[in-house]
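**Q** Need coordinates for the below:
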Amino acid sequence: MTKILVVDDDLVVLATINLGLRRAGYEVFQVDGGEPALGIARRERPDLALLDISMPGLNGIEVARVLKREIKVPFIFLTALSDKDIVAEAAQTGALGYLVKPLEISRIVPAIELALTRADEFSKLTQENFDLNEALNRNREIDVAIGIVMERHHLSRADAFEAMRRYARSHRCKIIELGDRLINRERINLALKN
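**A** Now for the predicted structure:
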């Protein structure tokens, strides 16, 4: 069940949204302030947070910054304010939506579904970017190891790679592991020479 954290200092709004979202099939955590919202977010790890911008203590934008930076929870802002400066500040925090009160559940649910889809897409892109960077780093390490083999044994690049591949296969290890060993051995040799 999708977990939604609803944060609003207006208890009537909070109760209305809570009831409507529960009827729509969401698991809802409701709280009327920023500090307790962060506690619940850390403990429950909701899929999405709906944040009122104007609250005493920690306002919604401050809560959003912590959710994004530390807890990795996507969020939508709920507010009675439609001031363009506030909208711009909300956009800068990385909000996946901005809903102006008064709200109806029939308008909130599609915004939630869209935000969840966007958050999932962003998460996948982030993972793909991480995987790509990891692959590039592995390729760099393999390139360095190939260079070491080329220099030590006066081989062409293709021959050095083939020699590493054969060695890795015969010793049942991955070529990246062999590359790491060669690079580490080279670092030790350089350290011993100095």
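**Q** Okay, and Gln30 sits in which element?
**A** strand 27-31 (DSSP states H and E).
**Q** what's the next secondary structure element after that strand?
**A** By DSSP H and E, the next helix or strand past strand 27-31 is helix 34-44.
**Q** what does that following helix contact?
**A** 3, 5, 7, 29, 31, 46, 49, 51, 55, 57-60, 62-63, 66-67, 71, 73 (Cβ atoms under 8 Å, 6 or more residues apart in numbering). The way it works is simple: take the backbone N, C-alpha and C, and place the C-beta from them, glycine included.
**Q** Same question for stretch 86-98.
**A** By Cβ under 8 Å, 6+ apart, stretch 86-98 touches 48, 53, 61, 64-65, 68, 74-77, 79, 111, 114-115, 118-119.
**Q** Is there a quick ChimeraX command that grabs whichever of these are buried?
**A** Burial among the contacts of stretch 86-98 is assessed by 16 or more other Cβ atoms under 10 Å; the matching ChimeraX selection reads:
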select :48,53,61,64,74,75,76,77,79,111,115,119
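**Q** and the two most separated of the contacts of stretch 86-98?
**A** Farthest apart among the contacts of stretch 86-98 by Cβ to Cβ are Arg65 and Leu114. That separation is 21.9 Å.
**Q** what's the offset of the lowest-mean-pLDDT helix or strand in the chain from the middle of its chain?
**A** Of all helical and strand segments in the chain, the minimum by mean pLDDT, DSSP states H and E falls on helix 84-93, at a mean of 80. Centroid separation for helix 84-93 versus its chain: 21 Å, with Cα atoms, centre = their mean, to the nearest Å.
**Q** quick one: buried residues of it?
**A** 86-87, 90, 93.
**Q** Direction included, what does the helix or strand following that helix pair up with?
**A** Where DSSP H and E defines the elements, the next helix or strand beyond helix 84-93 is strand 98-100. Sheet partners assigned to strand 98-100 using DSSP bridges are listed as strand 75-79 (parallel).
**Q** quick one: contacts of the partner strand?
**A** With Cβ under 8 Å, 6+ apart, strand 75-79 has contacts from 8, 13, 17, 48-54, 60-61, 63-64, 67-68, 86, 90, 93-101, 103, 111-112, 115.
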